[in-house]
Every structure is written in C-alpha cells, then in structure tokens.
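Asker: Got a predicted model here, sequence first, then my questions.
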Amino acid sequence: MPNLQKYGVLLALVLGLVAPLSAQEFNFKVIVNVQKLTSADPAIFNNLKQSITEFFNSTKWTNDVFETDERIQGNILLTITGEAASKDGIIPNTYDAELAVSVSRPVYGSSEYTPLINHFDKNIRFFYEQFQPIQFTRNTFNDNLSATLGFYAFIILGLDYDSFSLNGGDPFYQSAQNVLSTVPSSWNGDGSGWDVSSNRRNRYWMVENLLSPRMRPLREVIYTYHRLGLDVMSSNVGKGRAVIAKTLENLRKVSAAYPNSFGLQIFINSKGREIKDIFKVATAEEKENVVDIMSTVDPANSGNYRSEIRQ
C-alpha cells in the first residue's frame, strides 16, 4: 500500500511550489524590438526579453493574492533605437530605447478587459550585457532599466487598485515616487524621463500628477468608472452607463484645477476609444452630455466624439 503520509507531504510541497505562481499580479507579454540596431548583435537581447518577462510576471509585488483570471494583462514593447553615444563616441553596452506600455484589467462578470494605460516613453537609456539579470531593490537604485521597469510596475498597480477602491492606489504611487527619489543625478538630466522638464510629459510628472491633491477628482473617476460603472454593466447596462456618464463630469474639475495635466491625458489616451464605444448606444441626453464633456477636456478630438457618439 502506498505510504499516504509520504505522498501527502510530497503533495503539500508541490502545492507550496505551485500556489505562489497563481498569486502573481501581472500576466505580461514582452517584446524586445531590435530592428533599428545596426551594429550590435540582436541575439544579445533574447535573454533580455525573458528577463523582463520574469521581472514582471514572476515577482510578487503586493501582499494580495490574484487569481489567474484576476491578473493584470499587458503588453510591454521595448524598442532598441540604437547604441548610446556621447561626444567621445559609442558608450559600450549602453543602449537608447523606447518603451510602449499597454495594460488592461478584467471587467467583472464578463470576459472583457478594459484598458488602464496606453503609454509611450521614448526616454530610456540603459546598460546591458548578455545574460545580465534585472535586479530591482526597493528604495535603492541599481540601474536605470530596473528602476524604469519597477516604476511602471508600481504605476500600473496604482491604477489597478484605484479602479477597485477609491484612492486605493496611493501606496503604489508612493512606491513609484520612492523609485524616482533614488535616481542619482547622473541619470536625472534633461531628457532622461526622470527630470522636472518643461514639457511635463515624463515619469516625474506622471507620479506627481497621480499624487497631487488637484487630481483627486480624476482618481474618483478611475474608481467610479470601473467599479461602479463597467463592473455593473454585465448585469445592468443602463445603470452602469449612467454612472459612467455622471462621473465623467469630474474630468471638467480636473481640467480646471490642473490645466494640461499629464494624468488627465493618460486617462484620455487609454479611455477615449472605450468611451466612444460605450455611448454609441445611450440615451440622447447621455450622448450630448458626454460629447460636451469630452470635447471640453480633449478638444483636439472633439470632432471624433461628436461623429462617433452621435451616429
């Protein structure tokens, strides 16, 4: 007869090894594009792709357990634009890159996903040697690549938690700000993505906006839009849509309190298409109200809102 106690111990060990895998927060697909490289060996970056994938998908970022169908879905595209150079020539093993981040979270009661962020960061410079691991330590700067990836991990978690509870993302935005504070001056120059630049469209301003008291109405929109709007629509479309229409009014407050804010632009970039789709089928009053709001806060696309929502 099998030794049941022995097998019970083995099963417990196996489950102990497997269970944490279902607890991870992210399920990201990573692509490292090297088509723009002219001299460096593209094979060097095969390992980098795997390292970035493991960085996001195999790290335990929170104390919460995420079931498999609760994991945050996303695509990470790192495009190597070339070997970094200074006035003295090519910098060995150092590359310039652009990072595209597209992330979504599941909609309750459906098989659908809703975008949390669609963002393009063109200011990435990093040192990398083949088979080099990505080592990230909270509150310590190891290198620019791990700091940048860790920063976005916390921003994404903040947006996700904001979408489930009012201001739930605060600790993660604070963690992102802590990453920012560790960046040494040698990596903090103009155009680095970490600097207080005049264009207000980089990592510094991203986390500054998300933590700013002036942006609290936007944080309320993120929560209400997702948890009380989208997550309700699977059982009551009209009710969920009405909640979304009402909460979008807060975007006017954000625009007035913090003109041209990066946080508002991030929301519009990720949600503009979805808002149009939601209100294509709506009451006439909802259509007109939403068109008016979005045309005010996103004037560059006002024609699109009018033509697509009113059709």
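Answerer: Sure, I can see it.

Asker: Any idea how far apart the tips of stretch 51-67 sit?
Answerer: Taking CA to CA, to the nearest Å, the first and last residues of stretch 51-67 lie 23 Å apart.

Asker: can you pull out the helices in the stretch 51-200 of the chain?
Answerer: 144-162, 170-182 (DSSP state H, counting those that start in this stretch).

Asker: Could you find the closest non-adjacent residue to the residue most central in space within the chain?
Answerer: Centroid-nearest residue in the chain: Ile156, 3.6 Å away (criterion: CA atoms, centre = their mean). Leaving aside its sequence neighbours, Ile156 sits nearest to Val103 (CB to CB, 6 or more residues apart in numbering; 5.2 Å). All C-beta spots, glycine's among them, are computed from the backbone N, C-alpha and C.

Asker: Could you do Val183 as well?
Answerer: Counting by CB to CB, 6+ apart, the residue nearest Val183 is Trp194, at 4.8 Å.

Asker: what's near enough to touch that neighbour?
Answerer: Counting by CB atoms under 8 Å, 6 or more residues apart in numbering, Trp194 touches 180, 183, 187-188, 202-204.

Asker: still on that earlier bit, distance of the residue nearest to Ile156 relative to Gly89?
Answerer: Per CB to CB, to the nearest Å, Val103 is found 37 Å from Gly89.

Asker: Neighbour count for those two, which is higher?
Answerer: Higher neighbour count among Val103 and Gly89: Val103, with 23 against 8, using other CB atoms under 10 Å.

Asker: from what I can see that one touches Gly74, true?
Answerer: Yes: counting by CB atoms under 8 Å, Val103 does reach Gly74; the two are 3.7 Å apart.

Asker: Mind listing the shared neighbours of the two?
Answerer: What both Val103 and Gly74 touch, as defined by CB under 8 Å, 6+ apart, is the set 28, 156.

Asker: in stretch 34-53, what counts as buried?
Answerer: Neighbour counts over stretch 34-53 (16 or more other CB atoms under 10 Å) mark 34, 37, 40, 44-45, 47-49, 51-53 as buried.

Asker: Dump these into CSV; add secondary structure and pLDDT as well.
Answerer: Formatted as CSV, the buried residues of stretch 34-53 follow (DSSP: H, G, I helix; E, B strand; the rest coil; pLDDT from 0 to 100):
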residue, secondary structure, pLDDT
Val34, coil, 94
Leu37, coil, 87
Ala40, coil, 75
Ile44, helix, 86
Phe45, helix, 91
Asn47, helix, 92
Leu48, helix, 95
Lys49, helix, 95
Ser51, helix, 95
Ile52, helix, 97
Thr53, helix, 97
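
Asker: Which of those residues sits closest to Asp292?
Answerer: Distance from Asp292 was checked for each of the buried residues of stretch 34-53 by CB to CB. The minimum falls on Ile52, at 42.1 Å.

Asker: How about that closest one, nearest residue that isn't a chain neighbour?
Answerer: Val30 is the one closest to Ile52 (CB to CB, 6+ apart), at 4.7 Å.

Asker: Could you say whether the one you found sits in a helix, a strand or coil?
Answerer: Secondary structure state of Val30, per DSSP: H, G, I helix; E, B strand; the rest coil, is strand.

Asker: wait, doesn't it sit right on Thr53?
Answerer: Yes: counting by CB under 8 Å, Val30 touches Thr53, with 4.5 Å between them.

Asker: Buried ones among the contacts of Trp194?
Answerer: 180, 183, 187, 202-204.

Asker: okay, the residues you listed in JSON lines with pLDDT and distance to Asn57 next?
Answerer: Formatted as JSON lines, these follow (pLDDT from 0 to 100; distance: CB to CB, whole Å):
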{"residue": "Leu180", "pLDDT": "96", "distance to Asn57": "24"}
{"residue": "Val183", "pLDDT": "95", "distance to Asn57": "25"}
{"residue": "Trp187", "pLDDT": "86", "distance to Asn57": "26"}
{"residue": "Asn202", "pLDDT": "94", "distance to Asn57": "26"}
{"residue": "Arg203", "pLDDT": "96", "distance to Asn57": "22"}
{"residue": "Tyr204", "pLDDT": "95", "distance to Asn57": "27"}
